[in-house]
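[1] coords please:
(2 chains)
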Amino acid sequence: MAERVGVYVCHCGSNIAGVVDVGGVAQWAKDNLEDVAVARDYKFMCSSLGQELIEQDIKEQGLTRVVVAACSPHLHEKTFRKACANAGLNPYLCHMVSLREQVSWVTTDKTAASEKAKAMISAGVRRVVLHEELEPTEVPVNPTTLVVGGGIAGIQASLELADAGYPVYLVEREPSIGGHMAQFDKTFPTLDCAACILTPKMSDVDGHPNIHLMSYSEVEEVTGYVGSFTARIRKKARYIKEADCTGCGICIEKCPKKVVDEVFEAGLGYRKAIYRPFPQAIPKFPVLDTANCTYFERGTCRACEKFCPTGAIDFEQADEYLDLDVGNIILATGYDLFDCAKIPQYGYGRLANVFTSLEFERMCNAAGPTEGKIVLRDGITEPKSVALIHCVGSRDKRHHPYCSAVCCMSALKFGHLVMEKTGADVTSFYIDMRPLHKNYEEFYDRLQQEGMHFIRGRAAEVTDAARLPGEEGKLIVQAEDTLIGRQRRFPVDMVILLGALQPRADAKETAVRFGISCSIDGWFTERHPKLDPVATMTDGVFIAGTCQGPKDIPDSVSQGAAASARVQGMITTGTVLIEPIIASIDEARCSGCRICNNLCPFNAIDYLEAKGVSSINAALCKGCGTCVAACPAMAITGAHFNYAQITAELEGILYDAVRGNGFGSPKRSGGDGRHAVIPEPALEPAS
Amino acid sequence: MSETTFEPKIVAFLCNWCSYRAADLAGTARMKYLPNIRILRVMCSGRVDPTFVLKAFALGADGVMIAGCHPGECHYIEQNYKTMRRYEMLRHTLGAMGVEPDRLRLQWASAAEGAQLAAAINDMVEKVRALGPLSWAGNWSENSHHLEAIERLAGEHAEAMEVGA
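    As a prediction, this is how the structure comes out:
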């Protein structure tokens, strides 16, 4: 049966009609294109009157297909699909042609614009005739959520979900939750103590009946799809029986082995071989570090075991594997700090009194290695002058081109703390000051009032080679003061480098494990940079906090809350609709060659050993169509983008082209359209 | 269109996530480019079967552009790398068939690169215009030995596909 196609050409006010002869194009479609039953032009197709026009024609004229030539399908495809559905037509039998974005807005020659519009409508009509009715599939959503990463973003997301009554697994790879925020002293611009605002939230997580906290654990593998994922968790051996441990800390006290704490104390302090990273750690259970434990090194000691009042030490403990069934996943895996030694001219690692921002945070922290005293590397001397160097590794094409977003404010905070605690002279070397958010500019203003110095210019070098009187025994920061246009040398006692925030070293592997994508830098990619910032291209996997890009605490908390709101929406709905634009395999044609198996980044294609064919898991398939294009037996069909549809679209779009020159066929092709390109034996090279 | 200058017809396969959005952006920002390009949307550049490109040339296209997300930014993680491989293969095949290399172009365009896409389109149109209409026959005679090899391969492929069909 021939299809009855309705073609609707939108004026979009004068946006389209000002360039394209909309009336002429509609009339041309009616007169020249096969299967077109109705062709109209209308002022605003997206208006309710425009939509009603379509609905009315479907009902009264018996249309079986609709082509709307208007704006980009990214704007109004949903609108017109809904209009079709209202009139009882399957929404996937509607097709949009982007006359506004692809013709009228980009073309100056009006004749050429109308000709291009005709070709595009012709393509749309040829294609839509071959459209098939599609139905989204509905799958249930498991109300349990997996949150990966127990920094402030992950904590916020977990608490919001748990408070709403939904169960959460919070997986953290370090021995304690808290993330980077737990290492900080104060937070800008309010100068709240980080621990004072963070630890209550950490305790809430610990005691929450809906949160199952799994610290010192990592996600090894994720299978499944939105609504029903299964995550395999490796619970690393702590060598502590959690059921018996009371967290009294006697084991830590009695442990004879002291090691430098490279992680939490940034190398400035010590911890024991059995340790808790910090006193308020959640959970309270210590971790035994086998690489440094005397018993694991030499086979004797076991002091911790001897003194443990509850017999909770277990030297035989092994890693445990657990499979968790969850409906949604929130990734809040955070960031790494840039390795400042990569910029040798700043002397980090070579010049003792050059510190990183994290070292300074620990030093400033009353619970830190110096009990909050700001001192030089010798541990005694207070600095009299301090330089703060911004953009170390950020805004630098050799390292990271992006702005790390938090360093300007950190520098202001550091400036305040140094001046408050030591009365030292503080100079900040900045490229641009970027105090972007609420009350940040005011904080910048306050520091200017407090007497912090600001030099606009990227510091060129930090050296201990004195050249001028007064430089002996000092670190000299060489920089161009761009506001006065002169090179200047600043002798100081201490230099603090504000290192860039960079993606986790294993961010790419994490992205692959969860089936999401990364930007070139390595930050996780959101579904839409403006309108969908916490969702990813993989349904059911959300991102929050700095794993998506550099951001400060308020933004991380907002994203954690936003991600949890998105998940709650999914759970409340109870089911999720899966887009029907996916691939499927015709078993009769599949030869079982398995070429497609490895092409799928979502592991949607399985080889069925028993049948000797491959099969696509509809819930995992994202519909990219790469396997469809690769199948040598044409056994795979990509719904809504199948061979017949794309070939028909090609024929339509080239309806006015000069055909072939002895190659191919000008006829409208039937079948799959793929073999038509194989040169026919009848072709004879011109002699 | 003027009768004196040759107006090539170029088909562009744009991926839904980056390059099609770049085309949207070029429109929204009112960037003008030549009307010789005609765009087809696919979900991913990985969907572009090399035979679509051959089909387009067979139907009279003078040039074909395949555009996708930048490497590392594919919304399907890594499928544009597969496009890159197919593009290389296609270039060789088309070269053997006597199609000039400038008639096929692989273009990366992020959703923010409307201007770059518009510039690439203009550049390609000018290059193809300079080449003139795609003329198979003349080139085929010069490349008859390649052609025979392709025909033989294609024949074998078609035969293999008949099995069980």
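
[2] Stretch B:66-79 and chain A, are they touching?
    Yes: using C-beta under 8 Å from any C-beta of the partner chain, we find that stretch B:66-79 touches chain A at B:His70, B:Gly72, B:Glu73, B:Cys74, B:His75, B:Tyr76, B:Ile77, B:Glu78, B:Gln79. Backbone N, C-alpha and C define where each C-beta goes, glycine included.

[3] so what's the residue sitting nearest the centre point of chain A bridging to?
    Taking C-alpha atoms, centre = their mean, the centroid of chain A lies closest to A:Phe524, which sits 2.6 Å from it. Note on A:Phe524: beta-bridge partners by DSSP bridges are A:Cys518.

[4] tell me the contacts of it?
    A:Leu331, A:Ala507, A:Ala511, A:Ile516, A:Ser517, A:Cys518, A:Thr536, A:Ile543, A:Cys547, A:Gln548 (C-beta atoms under 8 Å, 6 or more residues apart in numbering or on different chains).

[5] What parts of the stretch 51-200 of chain A come near chain B?
    So the stretch 51-200 of chain A meets chain B at A:72-74, A:98, A:100-103, A:105-109, A:111-113, A:115-116, A:119-120, A:123 (C-beta under 8 Å from any C-beta).

[6] can you give me the strands for the stretch 401-550 of chain A?
    A:425-430, A:453-456, A:459-463, A:475-481, A:486-492, A:494-499, A:501-503, A:541-543 (DSSP state E, counting those that start in this stretch).

[7] could these be laid out in TSV, adding mean neighbour count and distance to chain B?
    Shown next, in TSV, are those (neighbours: other C-beta atoms under 10 Å in any protein chain shown; distance: least, C-beta to the nearest C-beta, whole Å):
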stretch	mean neighbour count	distance to chain B
strand A:425-430	22	27
strand A:453-456	18	29
strand A:459-463	20	31
strand A:475-481	20	32
strand A:486-492	16	37
strand A:494-499	28	24
strand A:501-503	24	12
strand A:541-543	29	12
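
[8] Any chance of those strands in a markdown table with mean pLDDT and distance to A:Pro344 as columns?
    Output for those, formatted as a markdown table (pLDDT from 0 to 100; distance: least, C-beta to C-beta, whole Å):
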| stretch | mean pLDDT | distance to A:Pro344 |
| --- | --- | --- |
| strand A:425-430 | 97 | 17 |
| strand A:453-456 | 97 | 22 |
| strand A:459-463 | 96 | 10 |
| strand A:475-481 | 97 | 14 |
| strand A:486-492 | 96 | 19 |
| strand A:494-499 | 98 | 12 |
| strand A:501-503 | 97 | 18 |
| strand A:541-543 | 97 | 34 |
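
[9] Include distance to A:Gly50 when you put those into JSON lines, please.
    Shown next, in JSON lines, are those (distance: least, C-beta to C-beta, whole Å):
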{"stretch": "strand A:425-430", "distance to A:Gly50": "53"}
{"stretch": "strand A:453-456", "distance to A:Gly50": "55"}
{"stretch": "strand A:459-463", "distance to A:Gly50": "60"}
{"stretch": "strand A:475-481", "distance to A:Gly50": "60"}
{"stretch": "strand A:486-492", "distance to A:Gly50": "65"}
{"stretch": "strand A:494-499", "distance to A:Gly50": "55"}
{"stretch": "strand A:501-503", "distance to A:Gly50": "46"}
{"stretch": "strand A:541-543", "distance to A:Gly50": "36"}
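
[10] Sounds good, over and out.
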